[in-house]
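**Student:** Next comes the sequence, and after it the predicted model I'd like to discuss.
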Amino acid sequence: MRERLLVIDDDDTVRQAYETHFSRSGFEVRSASSLQEAASHLSGHVFDAVIADVILTSDVGSEGLAIAAYLRHQRHAPPVVVLTAYGAPEKAEAAARLGVDAFLHKPVSLVWLEGLLRSRIEDHRRGPGLTDMAAAV
């Protein structure tokens, strides 16, 4: 079964690079360039993981965190990786409070990111109890 990935980034070049890499790596990829487009995908599909840029517009500036907050309230929230080109400590702190799986600074190696996503997806499928027990052994 192919992992389903939602990529949310307003930069066409970045989004297309993620789409190409992850599709070639066996993921089923959907992408969005705005909060509204991401909401549309999230309302109609289940994803195994989500990659979201923190800033999608200059008006709001924290849409990626809004997406993470929305997903955390879902019954089976997928792993969420939030990316930023701007190192604002308050955004990293907000991401940590939301329980995102990773808050990363761009640029990031797509091969490394793929490994991180696969690991988080596997942990998520095992469930929190099994992951915690395996870490304790």
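**Tutor:** That came through, no problem.
**Student:** can you list the weak-confidence ranges in the protein?
**Tutor:** Applying pLDDT under 70 to the chain flags the ranges 58-61, 128-137.
**Student:** list the buried ones in the host helix or strand of residue 43?
**Tutor:** Using DSSP states H and E, residue 43 sits within helix 35-44. Buried residues in helix 35-44, defined by neighbour count with 16 or more other Cβ atoms under 10 Å: 35, 38, 41, 42. Placement of C-beta: from N, CA and C, glycine included.
**Student:** next one: stretch 14-24
**Tutor:** Buried residues in stretch 14-24, counted by 16+ other Cβ under 10 Å: 14, 15, 18, 19, 21, 22.
**Student:** do stretch 113-120 as well
**Tutor:** Buried residues in stretch 113-120, defined by neighbour count with 16+ other Cβ under 10 Å: 113, 114, 116, 117, 118, 120.
**Student:** Closest one to residue 6 out of these, please.
**Tutor:** Using Cβ to Cβ, residue 117 comes nearest to residue 6 of these, at 11.3 Å.
**Student:** hmm, back to that, just the buried residues of stretch 113-120: which are in helices?
**Tutor:** Residues of the buried residues of stretch 113-120 located in helices (DSSP state H): 113, 114, 116, 117, 118, 120.
**Student:** Okay then, goodbye and thanks.
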